[in-house]
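Student: I'd like to go over a predicted model; first the sequence, then the structure.
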Amino acid sequence: MDPDRWQRLNEVFLAAIEQDPGRRAAFLDEACAGNPVLRAEVESLVVSHEQAGSFMEAPAYEAEAERPRADPADALVGRRLGQYVVIRMLGQGGMGVVYLAEDTRLGRHVAIKALAPEFSQLDKRRERLQLEARAAAALSHPGIATVYALEEFGEKLYLVGEYVRGETLRDELARGPLAPEPLLDTGLQMARALAAAHDRGVIHRDLKPENVIRTPAGVIKILDFGLARFQSRAPADSGAARLTEEGAILGTPAYTSPEQLRGWEVDCRADIFALGILLYELGCGVHPFAGSDSASTVARILESEPVDAAELTPSIPRGLARTIRRCLQKDREQRYPTARELIEDLERHEETIAEAVSQSSRRTPALQNADEGAGSRLTARWWWEFHQLSVGLLYYAMLYPLWKSREWIPRPWGSLLFFAALAAVAVAANLRLHLWFTSRF
């Protein structure tokens, strides 16, 4: 985007969010008169701004705390919901609170997400959510946390799923970027899980570091497929259910594809875009489109190109950087059409990176021996330097007795002997001191 256009977009957007919602449409009619593209971009920024709130400035638990609630987030702890006994709260986010619970009927731990009221109060949305949860429950893959059930207790909906032990990718990011080999392994595991879901017509639409866990065994598990969108293969007018109404935005804006932000129809390529963001962030340690706030982040996703991953982090192979860049194309037609094709590309990099690591490991013993030899030579060199310095100083010290002895030798031989010795010492001692001095660099 050229600077003038960006400045105009920014000015209209900032003015629009200051308007009362009831007057905003009239304001945009006037401010964007004759420029429908500008209006569409401003409207998408406004929608994302209102949904995102301060997601970049505050942790999820702080943002969630601002949401008005009838009960505290931990109100369910210790309570029984049907066959489930709630043990403790695991976390919370924009779509609800997650609890660890015990399934007393099957004797296992499960994760229960108490969905926020806006996702379960309307009958139409509840029906869609039930259909989508059933579609997600049909997924069976080692990289996908299993959805067990969508339960209803009282008037509230609860999503029951597999409890996964481990660290989220957000936790890993706090320790810094990944090396190329674990980065590629993580990307391949996520891509394979997404491919399995896409094969069944299920699109995640909210892939982010908080929704991906690495188990102690190193297995990647993608969470929250129960809130995904089912891409029905039936005709659009057949009544196939979808989770969100047309034009609505579901997902965390910082990990959302441009078409999602604009409220357009999405397909599996939206997940590929989010996966590209994750790979970039895991490899470089920074978000490719990070801005100072949610609005600027959304604007960069829509309009800006990120710095090449290999330029930002030279340890990332060029080929892998090209793969990440293709995932992040704003035009989805230029991305990988399917996760299966992305997997094929990543597997080619796997061979290249594995060979580089193998060569590095083969060089390691030789380098260690060289270091040990350098240590031995360091000791010998120290003695050589000590010898040069001490002998050079000894030469100068010898001049003192010669100076005294000249009085005992008949003139002019005493003085001649002293000056001859002085010339010899000057040459020999200065040469040794010069060798000692230059050996220090």
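Tutor: Looks like it arrived, so ask away.

Student: Looks like residue 15 contacts residue 28 (just checking).
Tutor: No: when contacts are counted by C-beta atoms under 8 Å, residue 15 is not listed as touching residue 28 (9.5 Å). (C-beta placed from N, C-alpha, C; glycine too.)

Student: Give me the more crowded residue out of those two.
Tutor: More crowded of residue 15 and residue 28, by other C-beta atoms under 10 Å: residue 28, with 20 against 14.

Student: what helix or strand does the more buried one sit in?
Tutor: Using DSSP states H and E, residue 28 maps to helix 21-31.

Student: pLDDT (mean, whole number) over that helix?
Tutor: Mean per-residue pLDDT for helix 21-31: 80.

Student: Where does the prediction get shaky in the stretch 101-250 of the chain?
Tutor: By pLDDT under 70, the low-scoring segments of the stretch 101-250 of the chain are 118-125, 128, 226-250.

Student: how about 90 then?
Tutor: Scanning the stretch 101-250 of the chain for pLDDT under 90 picks out 113-140, 149-159, 200-201, 205-206, 224-250.

Student: Which parts of it are helices?
Tutor: Here the stretch 101-250 of the chain has its helices, by DSSP state H, counting those that start in this stretch, at 123-137, 169-173, 180-199.

Student: which secondary structure elements does the longest one contact?
Tutor: With contacts defined as 3 or more C-beta pairs under 8 Å, 6 or more residues apart in numbering; DSSP states H and E, helix 180-199 has these neighbours: strand 220-222, helix 269-284, helix 318-327, helix 339-405.

Student: wait, what's in contact with the residue most central in space within the chain?
Tutor: Centroid check for the chain by C-alpha atoms, centre = their mean gives residue 281 as the closest residue, at 2.7 Å. Counting by C-beta atoms under 8 Å, 6 or more residues apart in numbering, residue 281 touches 173, 209, 287-288.

Student: One more pass at 6 Å, please.
Tutor: By C-beta atoms under 6 Å, 6 or more residues apart in numbering, residue 281 lies in contact with residue 287.

Student: Repeat that for residue 301.
Tutor: Residue 301 makes contact with 258, 289 under the criterion C-beta under 6 Å, 6+ apart.

Student: did I read that right, it in a helix?
Tutor: Yes: under DSSP: H, G, I helix; E, B strand; the rest coil, residue 301 sits within a helix.

Student: Just the pLDDT for it.
Tutor: The score at residue 301 is 94. That number is its pLDDT.

Student: Apart from its chain neighbours, what residue comes closest to residue 291?
Tutor: Setting aside the residues directly before and after it, residue 291 is nearest to residue 297 in space (C-beta to C-beta, 6 or more residues apart in numbering), at 4.1 Å.

Student: secondary structure element for that neighbour?
Tutor: Taking DSSP H and E as the definition, residue 297 sits inside helix 294-303.

Student: quick one: buried residues of that helix?
Tutor: 294-302 (16 or more other C-beta atoms under 10 Å).

Student: Distance to residue 349 for the residues you listed - can I get that in CSV?
Tutor: Below are those laid out as CSV (distance: C-beta to C-beta, whole Å):
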residue, distance to residue 349
294, 33
295, 35
296, 32
297, 28
298, 30
299, 31
300, 26
301, 25
302, 29
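
Student: from those residues, which single one is nearest residue 199?
Tutor: Set against residue 199, the nearest of those by C-beta to C-beta is residue 301 (27.0 Å).

Student: Break this protein down into its structural domains.
Tutor: Recorded structural domains for the chain (assignment: automatic domain parsing) are 3-65, 376-438.

Student: Going by mean pLDDT, which of those domains comes out lowest?
Tutor: For the domains of the chain, the weakest mean pLDDT is recorded on domain 3-65, namely a mean of 66.

Student: Identify the residues contacting the closest residue in space to residue 310 that isn't next to it in sequence.
Tutor: Nearest non-adjacent residue to residue 310, counting by C-beta to C-beta, 6+ apart: residue 321, 3.7 Å away. Neighbour list for residue 321: 308-310 [criterion: C-beta under 6 Å, 6+ apart].

Student: and residue 321, what pLDDT?
Tutor: 96.

Student: wait, doesn't residue 83 sit right on residue 104?
Tutor: Yes: between residue 83 and residue 104 there is a contact under C-beta atoms under 6 Å: 5.3 Å.

Student: Give me the more crowded residue out of those two.
Tutor: Higher neighbour count among residue 83 and residue 104: residue 83, with 15 against 12, using other C-beta under 10 Å.

Student: And the more buried one, how close does it get to residue 100?
Tutor: Plainly put, residue 83 is 15 Å away from residue 100 if you go by C-beta to C-beta, to the nearest Å.

Student: Relative to residue 318, how far out is the residue nearest to residue 101 when sequence neighbours are not counted?
Tutor: In space, and not counting its chain neighbours, residue 101 is closest to residue 84: 4.4 Å by C-beta to C-beta, 6+ apart. As judged by C-beta to C-beta, residue 84 and residue 318 stand 50 Å apart.

Student: And for residue 404?
Tutor: Distance, residue 404 to residue 318, by C-beta to C-beta: 75 Å.

Student: can you check residue 206 too?
Tutor: To residue 318, residue 206 is 31 Å away according to C-beta to C-beta.

Student: Compare these two (neighbour count), which wins?
Tutor: The residue with more neighbours, out of residue 206 and residue 318, is residue 206; 25 against 14, by other C-beta under 10 Å.

Student: List the contacts of residue 81.
Tutor: Applying C-beta under 6 Å, 6+ apart, we find residue 81 in contact with residue 153.

Student: go again using 10 Å as the cut-off
Tutor: For residue 81, the contacting residues are 99, 101, 112, 114, 151, 153-154, 156, 158, 160, by C-beta atoms under 10 Å, 6 or more residues apart in numbering.

Student: Angles on the backbone of it, please.
Tutor: Phi and psi for residue 81, reported as degrees, to the nearest 10, are phi -120, psi 100.

Student: what are the bridge partners for it, then?
Tutor: Taking DSSP bridges as the rule, residue 81 bridges to residue 84.

Student: Residue 314 versus that one, what's the distance?
Tutor: When distance is defined by C-beta to C-beta, residue 81 is 52 Å away from residue 314.

Student: Distance from the chain centre to the host helix or strand of residue 259, please.
Tutor: Using DSSP H and E, residue 259 falls within helix 258-261. Relative to its chain's centre, helix 258-261 lies at 20 Å (C-alpha atoms, centre = their mean, to the nearest Å).

Student: Render the CA-only coordinates of it in CSV, please.
Tutor: Taking Å, rounded to 0.1, in the frame of the first residue of the first chain, the C-alpha atoms of helix 258-261 are listed here in CSV:
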residue,chain,number,x,y,z
PRO,A,258,-7.1,-11.5,5.2
GLU,A,259,-10.3,-13.2,3.8
GLN,A,260,-11.5,-13.9,7.4
LEU,A,261,-10.9,-10.3,8.4
